[in-house]
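Enquirer: whatever this is, show me its structure:
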Amino acid sequence: MTVVQGGAAIFPCKLIGAMEPVSQISWRKEPQDDNFLTILPKIGQRFVNGHDERFKFIGNFSDNNGSLQLSNIKLTDEGTYTCIITLFPSGNVKKQILLNVLVPPVTSLKDNVPTVGKEEVSLVTCMAAGSKPPAKVHWLADTLGEKVRQTINVTEHPNGTTTTINSLFGVPTREINRHLVKCVVTSAAMSKEESLPFTIQIHFSPIEVIISQRSEGSFECVTEANPNATITWSRSDQSRLLSTVRAEGATLQFLSMTSDLNGLYQCEAANQYGSKLSYVYVHGTSGSYHAYSVLFWLLLLLIVFGVVTLGRGLMSDSIIEKAEDRLNHVAFRTSETNGRM
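Expert: I've put the predicted structure just below:
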C-alpha cells in the first residue's frame, strides 16, 4: 500500500477457515528477525522493543483477526511488514504487506536580488526539497518570452528523497522589473499542484530626479528606483530648513513666502545602490514667489559668460554692464511669464 507521510494505514491480516486454535499473533518489519509486536489471548498487545503508540491492534483475537493500524506515518516506516499467525500445533501462517511512503516536497522561493547589468544572472530560484518521488518544477513566464530561460538541478539524498531546484535566468534590466512569474510544483505526494507567484525584482539606484509643482508653494520630488528611494530635502546654504518650510517625504511645502526663504533647494533621492540630486531655485517676496529650474540658471550663466567673454575683447565695460542688466531684465520677465516650473 502507498501512503503519504503523516497519514495512516491499516494492515489487514485475518486467517479464514483455520481448523486449529490460534495461540499468538505477531508483527515483524523486514529485514528485522524479531517481532516488534505480539498479541496474546489473555494479555492483549505487547511491544517487544519499546512502546510505539502509533501502532494500534484493531483486530479480534477470537476471530483470528490480527489487523494493525499505523498513524502519523514517517518515511522511516517504509518497508515490508509481516503478519504471523501461530497455530497449535501446526505452526505459523504468514502474510506480507509492502508499505510505500510518499513525501510531499517543502517548497520555497529565493530572490537572488539581482542588480541592473548586461550579463545573464539567476533572477529567482524555486526549490522543492525532500520529495519522494521527485517533484516536477517549472516556471510560467510566457510574458517575458525569450528574455528568460530555466535550468533544473536534481539532488538525491541517502534517505530516498530528492530536491529539485529550478532557477530562472535572464539579463537584469529595468524592462523585466516587476514582471509576474509563477513557479509550478507537482508531485505524486501532493493532492494538487502548487503555484508560487513571484514578482521579479531588479534593483537599481535612482535614475532621474524630477521636481514638479503640486500646488501653490508646494513641490514634489519624483524618481524611479528599486528599492524605493528615500527623499531628503535641504537648502544649499543652510544646515537645516527654516520653520516656515516643511519637508514631508517627497513634498516640500512653503507655509509662507518671505525674502529670507530665497535660495537653492536640493532634493536627494537615495537607496543602497546610489543617489541622485535635483535642484530648484526659489525667489520670492511677501505674498508671491517664483521658482526656477537649475537648467534655466545654467543656460543663463552660459549666455552671460559668453557675452562677457566676447565683450571683453570687443566692447567697453559700460556696454557689457548694459548687456548684463538687459539679461537680468529678460530673466526676470521670463520668470514672470513662465511662473512656476
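Enquirer: give me the residue at the spatial middle of this structure.
Expert: Centroid-nearest residue in the chain: residue 111, 5.2 Å away (criterion: C-alpha atoms, centre = their mean).
Enquirer: check it and give its pLDDT.
Expert: In this model, residue 111 is scored at 95, pLDDT.
Enquirer: ok, it touching residue 199?
Expert: No - counting by C-beta atoms under 8 Å, residue 199 is not a contact partner of residue 111; they are 9.4 Å apart. In this view, the C-beta of every residue, glycine as well, is placed from N, C-alpha and C.
Enquirer: hey, what's the residue nearest to the centre of the chain bridged with?
Expert: Under the criterion DSSP bridges, residue 111 forms beta bridges with residue 124.
Enquirer: from residue 46, how far off is it?
Expert: Applying C-beta to C-beta, to the nearest Å, the value for residue 111 to residue 46 is 54 Å.
Enquirer: would you confirm that residue 112 contacts residue 169?
Expert: No - assessed by C-beta under 8 Å, residue 112 is found out of contact with residue 169, at 9.8 Å.
Enquirer: number of nearby residues for the nearest residue to residue 114 once chain neighbours are set aside?
Expert: Distance criterion C-beta to C-beta, 6 or more residues apart in numbering; nearest residue to residue 114, sequence neighbours excluded, is residue 172 at 4.0 Å. Residue neighbour count, defined by other C-beta atoms under 10 Å, stands at 24 for residue 172.
Enquirer: check residue 151 too.
Expert: Neighbours of residue 151 (other C-beta under 10 Å): 11.
Enquirer: spatially nearest residue to it (excluding sequence neighbours)?
Expert: Spatial nearest neighbour of residue 151, excluding adjacent residues (C-beta to C-beta, 6+ apart): residue 167 at 5.1 Å.
Enquirer: show me what the one you found is bridged to.
Expert: residue 125, residue 151.
Enquirer: residue contacts, it?
Expert: Going by C-beta atoms under 8 Å, 6 or more residues apart in numbering, residue 167 touches 122-126, 150-151, 153.
Enquirer: could you check how far it is from residue 124?
Expert: Counting by C-beta to C-beta - residue 167 and residue 124 are separated by 7 Å.
Enquirer: of the contacts of residue 167, which is the most crowded?
Expert: residue 123 (27 neighbours).
Enquirer: ok, now how distant is that one from residue 1?
Expert: From residue 123 to residue 1 the distance is 42 Å (C-beta to C-beta).
Enquirer: what's the first helix or strand after the helix or strand containing residue 212?
Expert: Residue 212 is part of strand 209-215, with elements assigned from DSSP states H and E. Going down the chain from strand 209-215, the next helix or strand is strand 218-223, by DSSP H and E.
Enquirer: which ones are touching residue 239?
Expert: By C-beta under 8 Å, 6+ apart, no residues touch residue 239.
Enquirer: and for residue 166?
Expert: Under the criterion of C-beta under 8 Å, 6+ apart, the neighbours of residue 166 are 125-126, 137-139, 150-153, 183.
Enquirer: any idea how far residue 133 lies from residue 72?
Expert: Separation of residue 133 from residue 72 (C-beta to C-beta) stands at 21 Å.
Enquirer: fine, thanks again, bye for now.
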